[in-house]
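Colleague: let's see this in three dimensions:
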Amino acid sequence: MYVLGIGAANVDIHGMSRAAIVMRDSNPGHLSTSAGGVTRNVMENLARMGMDSRMVSALGDDLFGELVRSESAAAGLDMSECITLPGVTSSAYVSILDERADMLVAMSDMRVLEHVTPELVRSKRGLILGAAAVVCDPCLPFETLESILDTAGNVPVCLDPVSTAYAHRAAPLAGRFYALKPNSLELGILAGMEIDSDESMERAAASLIERGTKCVAVSLGERGCYYADAGGNRFYRALRPVSEMKNATGAGDAFLAGLVYGFANGMSPEGAVDCALAAGHIAVESDFTISREMSAEALRNVIEKYSE
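Modeller: Residues are numbered from 1 along each chain as shown. As a prediction, the model looks like this:
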């Protein structure tokens, strides 16, 4: 049983300020470079949880591409299905965190993903149909997302909307995904509704279920998660907050990985959401976007320690 990721794989460059940010000036801080990309991050987390995880993406034949391949392979993520493009720059993501480790601003260059085409997706048909689940992100071209859904058939396809800008790209296809993991702002865009209360959030999630989405897990920060699915399950769930948040950058990717891990292992919705919340906890307690401590055992320990 394996999970397949089709989407962004890039280099992350993070800077965290040592003091309050002074805009339009140079700020002393700590800089780090690592392999990143929304889907790649989800897949590395799954690999660290012990899942057979495989990735389809496009990389340049440059130092960033080499770094993405080597770091991913070291974590157990199979990158053999990725294509390498001569003379093309690998995608990169730069983020600036304030002194509290919250993101202040970010910038990305993901033009290389234009080479993840519908034709490439169709060429991976056997790989897609053999997967327990497919994870993707709307950094891909719209036509490529359509092709993934068309090719997958009954294979569950899970999507992280990534941002409000990218949520607009995914919105016309929202009802075709098995699972969506938005925050409340992204949920409003996907559902075409204004979210200004818990009640409106619940209505928006229900509208996506009515359109065909099988489950929606809305991340709510310290409040945890609101979950709704086509089986009639509706609930809020949270773990106690961590004592110290070191880096919030990878929490959303870890959350989706935990959710996919739970479902792939036949857990109940509550059990899968607990895995998602636990993975988020592990992520924010790490200095890295993807915690080196991530594992199935770590998920169990966090659920036991932080359950309400």
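Colleague: checking L59 next. Helix, strand or coil?
Modeller: strand (DSSP: H, G, I helix; E, B strand; the rest coil).
Colleague: what about the helices in the stretch 1-150 of the chain?
Modeller: Along the stretch 1-150 of the chain, the segments classed as helices by DSSP state H, counting those that start in this stretch run 38-48, 63-74, 118-123, 125-129, 142-152.
Colleague: the fourth one packs against which elements?
Modeller: If you count contacts as 3 or more CB pairs under 8 Å, 6 or more residues apart in numbering; DSSP states H and E, helix 125-129 packs onto strand 2-6, helix 142-152. (Glycine included, C-beta is placed from N, CA and C.)
Colleague: got phi/psi on G50?
Modeller: G50 adopts backbone torsions of phi 100, psi 10, taken as degrees, to the nearest 10.
Colleague: spit out the contact partners of the residue nearest to it when sequence neighbours are not counted.
Modeller: Nearest residue to G50, sequence neighbours excluded (CB to CB, 6 or more residues apart in numbering): A296, at 5.0 Å. By CB atoms under 8 Å, 6 or more residues apart in numbering, the contact list for A296 reads 49-50, 261.
Colleague: same question for A170.
Modeller: For A170, the contacting residues are 138, 145, 159, 161, 177, 190, by CB under 8 Å, 6+ apart.
Colleague: swap the cut-off to 10 Å and go again
Modeller: Going by CB atoms under 10 Å, 6 or more residues apart in numbering, A170 touches 136-138, 140, 142, 145, 159-162, 176-177, 180, 182, 186, 189-190.
Colleague: what subset of these is buried?
Modeller: 136-138, 140, 145, 159-162, 176-177, 180, 182, 186, 189-190 (16 or more other CB atoms under 10 Å).
Colleague: buried among the contacts of A296? Need that as a selection in ChimeraX.
Modeller: Per 16+ other CB under 10 Å, the buried members of the contacts of A296 correspond to this ChimeraX selection:
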select :49,261
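Colleague: mind listing which of the contacts of A170 are in strands?
Modeller: 136, 159, 180 (DSSP state E).
Colleague: same list (those residues) but as TSV, adding distance to L113 and pLDDT.
Modeller: Shown next, in TSV, are these (distance: CB to CB, whole Å; pLDDT from 0 to 100):
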residue	distance to L113	pLDDT
C136	11	97
L159	15	97
L180	20	98
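Colleague: now distance to E202 too, for those residues, in JSON lines please.
Modeller: Shown next, in JSON lines, are the ones in strands among the contacts of A170 (distance: CB to CB, whole Å):
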{"residue": "C136", "distance to E202": "26"}
{"residue": "L159", "distance to E202": "20"}
{"residue": "L180", "distance to E202": "15"}
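Colleague: quick one: which of the buried ones among the contacts of A170 is nearest to A228?
Modeller: Checking the buried ones among the contacts of A170 against A228 with CB to CB, the nearest one is L180 at 10.2 Å.
Colleague: the residue nearest to that closest one when sequence neighbours are not counted pairs with what?
Modeller: Nearest residue to L180, sequence neighbours excluded (CB to CB, 6+ apart): V216, at 5.1 Å. Note on V216: beta-bridge partners L180, A228, judged by DSSP bridges.
Colleague: can you tell me the centre-most residue of the chain?
Modeller: For the chain, the residue nearest the mean C-alpha position is D253 (3.3 Å; CA atoms, centre = their mean).
Colleague: phi, psi for that one please.
Modeller: phi -60, psi -40.
Colleague: now it: how far from S207?
Modeller: Counting by CB to CB, to the nearest Å, the gap from D253 to S207 is 26 Å.
Colleague: and if you look at S268?
Modeller: 24 Å.
Colleague: please identify which of the two sits among more neighbours.
Modeller: S207 (18 against 11; other CB atoms under 10 Å).
Colleague: now that one, nearest residue through space, not along the chain?
Modeller: A191 (4.9 Å).
Colleague: was I right about the one you found contacting A228?
Modeller: No. Counting by CB atoms under 10 Å, A191 stays clear of A228, with 11.4 Å between them.
Colleague: now do the helices in the stretch 151-300 of the chain.
Modeller: According to DSSP H, counting those that start in this stretch, the helices that the stretch 151-300 of the chain contains are 164-170, 184-191, 198-211, 251-264, 269-284, 296-306.
Colleague: just give the number of residues close to Y306.
Modeller: Y306: 16 neighbours (other CB under 10 Å).
Colleague: so for it, what's the pLDDT?
Modeller: Looking at Y306, its pLDDT reads 85.
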